[in-house]
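S.K.: sharing a model prediction with you, sequence too.
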Amino acid sequence: MPTADRHFSEDASRVLASAQFINTHSQDVFVPQDGVKRAASQILTRMQSVGYSTADWKKHTLTPSVANSQAIEWIFLVDALNFSFWSDQPHCQYSVTLDGKTYQGYWTLCAAVNRALAAGVPVTDAAYYAKASDEELAHVFRGDEGVESMPLLGERIKVLREVGRVLVDKYQGRFTNLLACCEGSAQRLVHLVVSEFACFRDEHQFHGHAVAMYKRAQILVADIWACFEGKGLGRFVDIDSITMFADYRVPQALCHFGALEYSPRLLEFLRESEKVVREVGELNAQQCPPTPGLLPPGHPWEIEIRGNSIWAVECIKRCIEESGTPVNAILLDFYLWDYSKEYSKEMQEIPIHLTRSINY
Ligand SMILES: Nc1nc2c(c(CN[C@H]3C=C[C@H](O)[C@@H]3O)cn2[C@@H]2O[C@H](COP(=O)(O)O)[C@@H](O)[C@H]2O)c(=O)[nH]1
């Protein structure tokens, strides 16, 4: 294998190796193998009954319905900003209403982008978002009357400046041109994205080791693959090397299915934090174990939850493959994320970790 490919394939195992390292060194988050087996059979049965596939990606109201180069620019913009939608003010949580439907969470981002495009704002054009004023961008992402502003709006504007500048200076203002450099390799694309854009570098220290999650770089590849249903610009020979995207929503579904478990003290902390942070607003907790409140980015518990989520999906994937059914971590992830949104009432039993981060 040419050196460059070996280098990229090392990156492929880099996220998985990180997840395995985190799993073996975790004290408060576990991936119980009996839970993995139960989850694998339940998820497989459900996925087969609904016929879950890449075609589902374009069925969402707000995702591009046509796979073309404009869709690529849309996906890049959205996945550059695809982070931190949870609210510490649930009574006036950030929302965006479009065509009579009100969205919260991740879908607010898509709704705001589509609203701008419908108003003739070239928001998916790097030349626009590299240079637009802060006020113009704040207007693009404005919420409904009386709601809080979009979480981390200032950081989002900084991200747009950074990625827009690189695309304009080096790729004629189009992510499609950067995509063309990866020669159909998902790992080359992940590697290129994290080397070109600092804001995608989802890397951390855990027990003295460097670990990588690359959540937004990987979901960027996955969204392109799913939008094009694995063909044309979305064809990647090594797409199955992409892992689950370590966010704050899929861990809820993994706990619900029994493939992820928290220690009593972590569960207590998460439950208390949801109460405290939503009653008294953001608290900055630096102690370990932290007093209930925000879980600081890079805290061991944050890394354990995210790393074990990646590892749990990998174990579920291997379990399903043993039954002879081909599946990859992307489809499992998309399915679990959609499931957590569809059954959000049941999910409320399981607390999420409240970390403010541009990584997820
Ligand atoms: N692991 C994983 N994390 C995902 C997604 C998506 C959106 N993808 C959907 C769109 C088309 C595809 O069909 C996918 O179904 C957003 N997120 C993350 O969730 C969090 C937002 O949650 P809430 O506040 O409840 O909306 C936040 O960290 C965001 O980064 C995913 O797919 N997987």
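M.R.: Looks like it arrived, so ask away.
S.K.: just the strands in the stretch 201-350 of the chain please.
M.R.: Ranges of strands within the stretch 201-350 of the chain are 203-206, 209-212, 261-262, based on DSSP state E, counting those that start in this stretch.
S.K.: can you list these in a markdown table and add mean neighbour count?
M.R.: Every residue, glycine included, has its C-beta placed from N, CA and C. Shown next, in a markdown table, are those (neighbours: other C-beta atoms under 10 Å):
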| stretch | mean neighbour count |
| --- | --- |
| strand 203-206 | 16 |
| strand 209-212 | 16 |
| strand 261-262 | 20 |
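S.K.: any chance of those in CSV, plus distance to Glu349 and mean pLDDT?
M.R.: Listed next are the strands of the stretch 201-350 of the chain as CSV, based on distance: least, C-beta to C-beta, whole Å; pLDDT from 0 to 100:
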stretch, distance to Glu349, mean pLDDT
strand 203-206, 28, 97
strand 209-212, 29, 97
strand 261-262, 13, 98
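S.K.: give the contact list for the residue of the chain found nearest the ligand.
M.R.: Closest to the ligand within the chain is Gly105: 2.3 Å, counting by C-beta to the nearest ligand atom. Counting by C-beta atoms under 8 Å, 6 or more residues apart in numbering, Gly105 touches 85-86, 341.
S.K.: nearest to Glu302, of the strands of the stretch 201-350 of the chain?
M.R.: Among these, strand 203-206 comes nearest to Glu302, with 8.3 Å by C-beta to C-beta.
S.K.: tell me the helices and strands packed up against that closest one.
M.R.: helix 3-24, strand 209-212, helix 300-322 (3 or more C-beta pairs under 8 Å, 6 or more residues apart in numbering; DSSP states H and E).
S.K.: what comes into contact with stretch 216-232?
M.R.: For stretch 216-232, the external contacting residues (C-beta under 8 Å, 6+ apart) are 15, 53-58, 63-64, 67, 71-72, 75-76, 78-80, 82-83, 179, 186, 189-190, 193-194, 200, 202, 233-236, 239, 242-243, 245, 330, 333-334, 359-360.
S.K.: now it: how far from the chain's centre is it?
M.R.: The chain centre lies 13 Å from the centre of stretch 216-232; the measure is C-alpha atoms, centre = their mean, to the nearest Å.
S.K.: so for it, what gets flagged as buried?
M.R.: For stretch 216-232, a neighbour-count test (16 or more other C-beta atoms under 10 Å) marks 216-228 as buried.
S.K.: repeat for stretch 33-52
M.R.: Buried residues in stretch 33-52 (16+ other C-beta under 10 Å): 35-37, 39-40, 43-44, 47, 52.
S.K.: contacts with the ligand among those, please.
M.R.: Residues of the buried residues of stretch 33-52 in contact with the ligand (C-beta under 6 Å from any ligand atom): none.
S.K.: any chance of the residues you listed in TSV, plus secondary structure and pLDDT?
M.R.: Shown next, in TSV, are these (DSSP: H, G, I helix; E, B strand; the rest coil; pLDDT from 0 to 100):
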residue	secondary structure	pLDDT
Gly35	helix	97
Val36	helix	98
Lys37	helix	97
Ala39	helix	96
Ala40	helix	97
Ile43	helix	94
Leu44	helix	94
Met47	helix	89
Tyr52	coil	83
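S.K.: now, which of those residues sits nearest Gly208?
M.R.: After measuring these against Gly208 - C-beta to C-beta - the closest member comes out as Val36, at 28.0 Å.
S.K.: mind listing what the closest residue to the closest one other than its chain neighbours touches?
M.R.: Using C-beta to C-beta, 6 or more residues apart in numbering and skipping residues adjacent in sequence, the residue nearest Val36 is Cys315, 4.5 Å away. Going by C-beta under 8 Å, 6+ apart, Cys315 touches 31, 33, 36, 259.
S.K.: how does it look with 10 Å?
M.R.: 19, 23, 31-33, 35-37, 39-40, 259, 308 (C-beta atoms under 10 Å, 6 or more residues apart in numbering).
S.K.: pull the most distant pair out of these.
M.R.: The distance between the two most remote of the contacts of Cys315 (C-beta to C-beta) is 18.8 Å, for Ala19 and Lys37.
S.K.: that older thread, would TSV of the strands of the stretch 201-350 of the chain with distance to the ligand be doable?
M.R.: Converted to TSV, these look like this (distance: least, C-beta to the nearest ligand atom, whole Å):
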stretch	distance to the ligand
strand 203-206	16
strand 209-212	16
strand 261-262	18
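S.K.: how about TSV for these, with distance to Leu167 added?
M.R.: Formatted as TSV, the strands of the stretch 201-350 of the chain follow (distance: least, C-beta to C-beta, whole Å):
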stretch	distance to Leu167
strand 203-206	22
strand 209-212	23
strand 261-262	40
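S.K.: which residues touch Ala138?
M.R.: By C-beta under 10 Å, 6+ apart, the residues touching Ala138 are 132, 149-150, 153-154, 156-157.
S.K.: mind redoing it with 7 Å?
M.R.: With contact taken as C-beta atoms under 7 Å, 6 or more residues apart in numbering, Ala138 is in contact with Leu153.
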